[in-house]
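Q: Dropping the sequence and predicted coords here.
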There are 2 protein chains.
Amino acid sequence: MMDTAHRAKLYEQVAERIGDAISAGTLRPGERLPSVRELSTRERVSISTVLQAYLHLESLGLVETRPQSGHYVRRRERPLPAEPQVSRPAPSASPVSVSALVAHVYRAASDPRIVQLGAAMPAPELLPTQRLNRELATLAREAGEAAVGYDMPPGSPELRRQLARRAMEWGCALGPDDFITTCGGSEAIHLCLLAVARMGDTIAIESPAFYGTLRAIEALGLRALEIPSHPRHGLELEALESMLDKRRVAAVLVVPSFSNPLGSCMPEEHRQRLVKLLAERDLPLIEDDIYGDLYFGSERPRPCKAFDTEGRVLLCGSFSKTLAPGYRVGWVAPGRYRERVELLKFAQTGATPTLPQLALARFLQGGGYDRHLRALRRRLAAQVERMTEAIAEHFPEGTRVTRPTGGSLLWLELPATVDALVLHARALEAGISIAPGPIFSAQGQRYSHFIRLSCGYPWSPRIEAAMSTLGSLARSLA
Amino acid sequence: MMDTAHRAKLYEQVAERIGDAISAGTLRPGERLPSVRELSTRERVSISTVLQAYLHLESLGLVETRPQSGHYVRRRERPLPAEPQVSRPAPSASPVSVSALVAHVYRAASDPRIVQLGAAMPAPELLPTQRLNRELATLAREAGEAAVGYDMPPGSPELRRQLARRAMEWGCALGPDDFITTCGGSEAIHLCLLAVARMGDTIAIESPAFYGTLRAIEALGLRALEIPSHPRHGLELEALESMLDKRRVAAVLVVPSFSNPLGSCMPEEHRQRLVKLLAERDLPLIEDDIYGDLYFGSERPRPCKAFDTEGRVLLCGSFSKTLAPGYRVGWVAPGRYRERVELLKFAQTGATPTLPQLALARFLQGGGYDRHLRALRRRLAAQVERMTEAIAEHFPEGTRVTRPTGGSLLWLELPATVDALVLHARALEAGISIAPGPIFSAQGQRYSHFIRLSCGYPWSPRIEAAMSTLGSLARSLA
């Protein structure tokens, strides 16, 4: 069997070159693409390879075929909806109680008959599943006793070495010993919260915020202070600063790169200011970088950690959004809190699963990761684009939607009359899962007419039909 | 390659029958065993198979060869040391701070040059490593996308079905939906504590207690109330009862079957009384049953959960001590606290590793587990016996040692002048790891002259030499 995840097929290589030219603006919407014969000559590939490449670009939503005329860069049919405005949460710390609602919302999450627009991860078919599973299978056979033995904190040296190598590329001077591996990114965040805060303490977060983070805050009996956030630039630093002047806060927790659900990306200058601002106040920064590798632009955003000279940033990440959610391998570089985080990790889950760590380390070492990420980012960017267009086409007048520059999520502000929880219930009856706004805030009704949609699945007639249905449901509630 | 873990070899079957006769007392210490020729005729196996069987029994410490004379049931050379007395911890709840000491003690834990008498798990060679890894490898190839996908709480239905089947055999009426799988047994305990207690609350535990439990109590800012415990029967119920009359306690946490480090086993009648006593006070019982399958007697002790009609018992277990520590698969049946534990599990680590759960479910379904457990129990019982004899031979006069009826641990009370931490340091210099008493109590100096030894490794010249060295070191400090 050919290793499809590892080596791109010929037609994919051809499609990739054209896709890059479209992304770069060299080829513009509406422009005619080379004829099949021209391209076949130029690329020295067969006619059928070129046809396959165009078909592939069509499926990505980048190219359209006009009968009797040829292939064209796809043109948007209508202008995109406006973006939501900067969030304005209430300026007070709230106890959190979203867990029951989240559990209710996700009850049907794993039903394969449901169209999954509710979960924040790439479709399994976009992940190098076969290759990873093969690494794991080989390791299971080779590793023998080591495979079933405990891998106690700080976790696999091989994996930590690979993490340190990658961190160098992000501008972070971290060695293997600066990392601790964890049972997924969730555990990393949970450990960091436990390390820097005590029950009753307040954590400053973005608004809206990932419901998983809210649940961790709830589980530990902490309070959430939601800070106004910009749909493109994330956390509003002035708002944060004035809050910190007024209230005692134990830590700030942000997702600077492609936050969930906003998809916002803090400009580098903001990251530097944030680190400086917290250093002045001697406050820890928990940085959730789980989407950092999924940028659509030309460069990976540097984590705040890159500007942290005093070890105040606890940088968390995971392979759940880029390689294998079910392997449950995340990590944390806890800076000056390393000793405490390691002790807590011992107390909480002890060892991290051995074989999945080793399989990921091998995959990273093999060099397939960057190639996989390039392909994944291109797919996600195209999917986000198509979903945005579908929103413009199907959703009620006045709907606003974010313009994320990475990740796979869209955050929609619907007309104020649309109750997101009602829409969620109706959509589920119609076989579609979405994430309703209220689960993204400790302030219940704050986002009652917002929803988050996942663009993790490749565009398909099934997704298209779901978006049309969802749009009608929203219109009927508007 | 033959599946050695699954089907016992011929000589092992022969050895097993003789071993059983010795355990049952049919063959007594010092008694002569059938000659090689006799046994070959009776068992209809070759002479060389019988020789292998006797060699195997010798390596287990059950049989000895006398030159020119034949094979005999091994006779104890000296009486065994006395048992320690019931523990008498201070009757007050203490904040816990053992983590740093534990971390220090286990710094060298994974160095393969160290003789591991410090870690509470069976040697990897006693586990069905090859067969499990093969299941995992097969699944990794077969399962495709499911293998990398999230397996969200409550976790794998296949595994939970197998757990329910086994629970039936323990006398617990639990269905698949009563279980939640976790990242190892540690996470199960951590979740239960988080579910029933808030910072500053007091948890009643055995004394001495597993340092992992102490660490979890410490991590969550709880207090430990140590209850006197009997070396054979565990938790002293009268002492517990009188404590509960005097102090507010949020929960009781016990290891009724082969507790760590005592190895004690609560009589069934005590278990019933404990459940009743807590029901009367409306208190939850966290039951750590991680060693329950490792009984040396003829029947598995029934968990307290079997007597719980009101859902007050949170039963926790794991496959780390019987199958694969590094797979990180544990479980909890949280009774009436199910909803809260599931919400906390979502918040803490989210999904549990997918493939390890599936591999274990298949292994359990395949029916190899009971056969494996029978062999494992026989080995551990023999190893505990041999280690106890070595203590009688090498350790200072006045040393006391427990008589566990399951598990793989021995708890030693050394003469009062021996400082266990000094002994630990000297032993480590000599290439031997042990677990010093002070890590098993929140009351620092309570067990300053106690140590815990693991009998997880098959008896060998290397272990024998280590026990002799350790004994000399202890004598030099006495």
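A: That came in fine, so what should we check first? It should be emphasised that the depicted structure is a prediction, and the values quoted were computed from it without experimental measurement.

Q: ok, residue A:297 - how many residues close by?
A: 12 (other C-beta atoms under 10 Å in any protein chain shown). Using the backbone N, CA and C atoms, a C-beta is placed for each residue, glycine as well.

Q: Over to the closest residue to it other than its chain neighbours: give its phi and psi.
A: Nearest residue to residue A:297 in three dimensions, chain neighbours excluded: residue A:405, at 5.8 Å (C-beta to C-beta, 6 or more residues apart in numbering or on different chains). Dihedral pair for residue A:405: phi -110, psi 20, per degrees, to the nearest 10.

Q: domains of chain A?
A: Domain assignment of chain A by automatic domain parsing yields the ranges A:10-73, A:93-126+A:372-477, A:129-369.

Q: quick revisit: does the residue nearest to residue A:297 really touch residue A:258, like I thought?
A: Yes: between residue A:405 and residue A:258 there is a contact at 7.3 Å, judged by C-beta atoms under 8 Å.

Q: Those two - which one has more neighbours?
A: Neighbours were counted for residue A:405 and for residue A:258 using other C-beta under 10 Å; residue A:258 has more, 27 against 18.

Q: pLDDT at the more buried one, what is it?
A: What the model reports for residue A:258 is a pLDDT of 97.

Q: roughly how far apart are it and residue A:373?
A: Computed as C-beta to C-beta, to the nearest Å, the residue A:258 to residue A:373 distance reads 13 Å.

Q: does the residue nearest to residue A:378 when sequence neighbours are not counted belong to a helix or a strand, and which?
A: Excluding the flanking residues, the one nearest residue A:378 by C-beta to C-beta, 6+ apart is residue A:19, at 5.9 Å. Here residue A:19 sits within helix A:10-23, counting by DSSP states H and E.

Q: other SSEs contacting that helix?
A: Counting contacts by 3 or more C-beta pairs under 8 Å, 6 or more residues apart in numbering or on different chains; DSSP states H and E, helix A:10-23 is packed against helix A:36-43, helix A:47-59, helix A:368-394.

Q: report the angle between the axes of the shortest one and helix A:47-59?
A: Note on geometry: by axes from the mean of the first three to the mean of the last three C-alpha atoms, to 10 degrees, helix A:36-43 and helix A:47-59 are set 110 degrees apart in direction.

Q: what's next to helix A:36-43, contact-wise?
A: The contact list for helix A:36-43 (C-beta atoms under 8 Å, 6 or more residues apart in numbering or on different chains) reads A:14, A:17, A:33-34, A:45-47, A:49-51, A:53-54, A:71.

Q: Looking at these, which gets the smallest pLDDT?
A: residue A:17 (84).

Q: picking that back up, residues shared between the contacts of residue A:258 and residue A:373?
A: residue A:294.

Q: List the residues that contact the closest residue to chain B within the stretch 351-478 of chain A.
A: Relative to chain B, the nearest point of the stretch 351-478 of chain A is residue A:354 (3.4 Å; C-beta to the nearest C-beta). Residue A:354 makes contacts with A:143, A:146, A:147, A:148, A:149, A:150, A:151, A:156, B:326, B:327, B:328, as judged by C-beta under 8 Å, 6+ apart.

Q: Can I have the buried ones of the residues you listed as a PyMOL selection?
A: The PyMOL selection below is limited to those of these classed as buried (16 or more other C-beta atoms under 10 Å in any protein chain shown):
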select buried, (chain A and resi 143+147+148+149+150+151+156) or (chain B and resi 326+327+328)
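
Q: In strands, which of the contacts of residue A:354 fall?
A: Judged by DSSP state E, strands contain none of those.

Q: With distance to residue B:378 and pLDDT as added columns, please give the contacts of residue A:354 in CSV.
A: Below are the contacts of residue A:354 laid out as CSV (distance: C-beta to C-beta, whole Å; pLDDT from 0 to 100):
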residue, distance to residue B:378, pLDDT
A:143, 27, 78
A:146, 25, 78
A:147, 25, 75
A:148, 20, 73
A:149, 22, 79
A:150, 24, 81
A:151, 29, 84
A:156, 34, 94
B:326, 24, 86
B:327, 23, 88
B:328, 27, 90
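
Q: if we can go back for a sec, next up, the contacts around the residue nearest to the residue of the stretch 351-478 of chain A closest to chain B when sequence neighbours are not counted.
A: Distances taken as C-beta to C-beta, 6+ apart place residue B:326 nearest to residue A:354, at 3.4 Å, with adjacent residues excluded. For residue B:326, the contacting residues are A:146, A:147, A:148, A:149, A:150, A:151, A:351, A:353, A:354, A:355, by C-beta under 8 Å, 6+ apart.

Q: With residue A:208 instead?
A: Taking C-beta under 8 Å, 6+ apart as the test, what residue A:208 contacts is A:87, A:229, A:261, A:262, A:411, A:437, A:440, A:441, A:446, A:447, A:450.

Q: quick one on the thing from earlier: for the helices and strands packed on helix A:10-23, please prepare JSON lines with the additional fields mean neighbour count.
A: JSON lines is the format used below for the helices and strands packed on helix A:10-23 (neighbours: other C-beta atoms under 10 Å in any protein chain shown):
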{"stretch": "helix A:36-43", "mean neighbour count": "15"}
{"stretch": "helix A:47-59", "mean neighbour count": "19"}
{"stretch": "helix A:368-394", "mean neighbour count": "20"}
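
Q: following the worst-scoring helix or strand of chain A on mean pLDDT, which helix or strand comes up?
A: Least confident helix or strand, chain A: helix A:145-148 with a mean of 76, by mean pLDDT, DSSP states H and E. Next helix or strand after helix A:145-148 toward the C-terminus (DSSP H and E): helix A:157-169.

Q: Relative to chain B, how far out is the closest residue in space to residue A:46 that isn't next to it in sequence?
A: Once flanking residues are discounted, residue A:46 sits nearest to residue A:40: 6.5 Å by C-beta to C-beta, 6+ apart. With distances taken as C-beta to the nearest C-beta, to the nearest Å, residue A:40 is found 34 Å from chain B.

Q: Tell me the pLDDT of the residue nearest to residue A:404 when sequence neighbours are not counted.
A: Leaving aside its sequence neighbours, residue A:404 sits nearest to residue A:263 (C-beta to C-beta, 6+ apart; 2.7 Å). Among the per-residue scores, residue A:263 holds a pLDDT of 96.

Q: so residue A:263 sits in a helix?
A: No: per DSSP: H, G, I helix; E, B strand; the rest coil, residue A:263 lies outside any helix segment and is coil.

Q: can you count the residues close to it?
A: Neighbours of residue A:263 (other C-beta under 10 Å): 27.

Q: Tell me who's in contact with it.
A: With C-beta under 8 Å, 6+ apart, residue A:263 has these contacts: A:231, A:402, A:403, A:404, A:405, A:406, A:407, A:409, A:410, A:411.

Q: same question, residue A:408
A: Here residue A:408 is in contact with A:120, A:121, A:122, A:294, A:321, A:380, A:383, A:384, A:454, A:455, A:456 (C-beta under 8 Å, 6+ apart).

Q: out of those residues, which are inside strands?
A: Using DSSP E, these in strands are residue A:454.

Q: Output the contacts of residue A:408 in TSV; the columns should cover pLDDT and distance to residue B:215.
A: What follows is the contacts of residue A:408, written out as TSV (pLDDT from 0 to 100; distance: C-beta to C-beta, whole Å):
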residue	pLDDT	distance to residue B:215
A:120	84	32
A:121	82	32
A:122	87	36
A:294	96	36
A:321	90	31
A:380	94	41
A:383	93	44
A:384	94	44
A:454	96	38
A:455	96	42
A:456	94	38
